[in-house]
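Enquirer: 3D, please:
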Amino acid sequence: MAQQYSLAYLTVLGCPPPEQIYIASRAGYDYASLRPIYMGLPGEPDFSLTPGSEMMSNVKTAMAETGVRVLDIELARVVEGMDVARYERACEAAAELGAKHLLSSIWTEDRAFYVQKFGEVCDLASRYGLTADLEYVPIAGVRDLRGALDVLDAVARGNMGLMIDLHHFHRAHDSVEDLAKVPREYFHFCHLCDAPAEIPTDEDEMRRILREARSYVGEGGIDVASILDAMPEIPCSIELPNVRRSRVLGNAEFAARCLATAKAYRNEHPRRSVGSL
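Expert: Prediction:
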């Protein structure tokens with residue numbers, strides 16, 4: 001089966017969901033990864049999807065006209081004082097659109113709290129036929145592979161998963177050997193990108209690169225092939241925000257180049273079995 005790719009929201013930051021789907025189609029992506037959960041970040045629009053809304057209708061039209069499907073929605077953050085019910089409308093919309101996964105991450109240090117709340121995220125997602133996939137982030141509360149697996153071991157829900165972002169994997173100093181030991185059923189999709197090999201020690205610089213300055217696949221210093229080969233064959237959602245390039249090229253051309261460079265890299269680095277890593 002050919003590798004499948006999704007266009008992640010951060011790659012075309014600020015792009016409305018219908019336009020994101022049309023851009024994905026023109027570039028040759030199989031899926032789009034939408035952000036209908038408003039996070040209140042500076043300069044980021046609210047693209048909440050409500051069943052029956054004009055935005056929802058426009059998304060459905062874009063999907064019907066292009067054949068691009070929705071792979072996942074984001075981001076169900078686990079934060080202090082959260083009410084998991086605030087994510088229900090997005091899950092309902094995701095199910096209506098045929099999405100498969102709900103992406104989550106943890107932004108608190110309180111283990112008892114975040115284990116309980118991620119379990120609630122899993123339960124909510126399950127009611128809508130979605131997996132709940134935990135993404136660790138090196139500047140968040142759960143910041144590496146070990147921490148994410150600890151959460152999954154404690155939560156133990158049938159629809160939970162582990163979402164590896166290659167930028168975060170590299171920045172967390174995780175190893176492909178450890179990744180290859182993770183239960184295969186945890187993997188549903190991953191975030192694909194590259195970044196400079198040098199890992200920033202300053203959190204602000206780490207944040208800047210992950211939000212604004214990631215690299216085309218094969219252009220940076222991450223061992224992309226080895227990380228991908230340590231996981232099953234799953235869809236790759238290209239999350240590659242680069243503010244400078246997207247402004248110069250425009251979202252459509254930038255998204256196309258992200259996909260073209262990823263495909264070229266994979267052609268140059270054919271998949272190896274886990275045993276050969």
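Enquirer: Who are the contact partners of the closest residue to Leu240 other than its chain neighbours?
Expert: Leaving aside its chain neighbours, Leu240 sits nearest to Cys193 (4.3 Å; criterion: C-beta to C-beta, 6 or more residues apart in numbering). In this view, the C-beta of every residue, glycine as well, is placed from N, C-alpha and C. Applying C-beta atoms under 8 Å, 6 or more residues apart in numbering, we find Cys193 in contact with 165-167, 214-215, 217, 238-240.
Enquirer: Kindly indicate the member of those with the most neighbours.
Expert: Leu240 (31 neighbours; other C-beta atoms under 10 Å).
Enquirer: Could you measure from that residue over to Glu44?
Expert: Noted for Leu240: a distance of 17 Å to Glu44, by C-beta to C-beta, to the nearest Å.
Enquirer: Could you give the bridge partners of the most centrally placed residue in the chain?
Expert: The centroid of the chain falls nearest to His191 when counting by C-alpha atoms, centre = their mean (4.8 Å). Beta bridges link His191 to Asp165, Ser237 when assigned by DSSP bridges.
Enquirer: That one reaches Glu239, doesn't it?
Expert: Yes. Between His191 and Glu239 there is a contact under C-beta atoms under 8 Å: 4.2 Å.
Enquirer: Find the residues that touch each one of these two.
Expert: Residues touching both His191 and Glu239 (C-beta under 8 Å, 6+ apart): 8, 165, 167.
Enquirer: of those, closest to Ala93?
Expert: Ala8 (17.6 Å; C-beta to C-beta).
Enquirer: Can you tell me how far that closest one is from Ser237?
Expert: 5 Å.
Enquirer: between the two, who's got more neighbours?
Expert: Ala8 (33 against 30).
Enquirer: who does that one bridge with?
Expert: In beta-bridge terms (that is, DSSP bridges), Ala8 pairs with Ser33.
Enquirer: Confirm that Gln20 sits in a strand.
Expert: No. Read with DSSP: H, G, I helix; E, B strand; the rest coil, Gln20 is helix and lies in no strand.
Enquirer: Who are the packing partners of the helix or strand bottoming out on mean pLDDT in the chain?
Expert: Lowest mean confidence among the helices and strands of the chain (mean pLDDT, DSSP states H and E): helix 203-212, at a mean of 93. Packing partners of helix 203-212 (3 or more C-beta pairs under 8 Å, 6 or more residues apart in numbering; DSSP states H and E): helix 166-171.
Enquirer: who touches stretch 258-271?
Expert: 3, 5, 7, 11, 27-29, 192, 216-219, 224-225, 228-229, 233, 236, 238, 240.
Enquirer: tell me the mean pLDDT for that stretch?
Expert: Averaged across stretch 258-271, pLDDT comes to 96.
Enquirer: Restricting to C-alpha, output it in CSV.
Expert: In CSV, the C-alpha atoms belonging to stretch 258-271 read as follows (Å, rounded to 0.1, in the frame of the first residue of the first chain):
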residue,chain,number,x,y,z
CYS,A,258,6.3,19.9,1.8
LEU,A,259,4.6,16.9,0.2
ALA,A,260,7.0,16.7,-2.7
THR,A,261,10.1,16.8,-0.5
ALA,A,262,8.7,14.2,1.9
LYS,A,263,7.9,11.8,-1.0
ALA,A,264,11.3,12.3,-2.6
TYR,A,265,13.0,11.6,0.8
ARG,A,266,11.0,8.4,1.2
ASN,A,267,11.9,7.3,-2.3
GLU,A,268,15.6,7.8,-1.4
HIS,A,269,15.2,6.0,1.9
PRO,A,270,13.1,2.8,1.3
ARG,A,271,11.5,1.3,4.4
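Enquirer: Buried residues, it. List them.
Expert: By neighbour count, and taking 16 or more other C-beta atoms under 10 Å as the criterion, the buried residues in stretch 258-271 are 258-259, 261-262, 265-266, 269.
Enquirer: cool, stretch 68-86 as well?
Expert: 68-78, 82, 84.
Enquirer: Out of these, flag the one nearest to Leu149.
Expert: Of those, the one sitting nearest to Leu149 (C-beta to C-beta) turns out to be Val78, at 16.0 Å.
Enquirer: Surely the closest one touches Ile106?
Expert: Yes. Val78 lies in contact with Ile106 (C-beta under 8 Å); the separation is 4.4 Å.
Enquirer: Spit out the residues that contact these two alike.
Expert: 114, 118, 141.
Enquirer: Thank you, goodbye.
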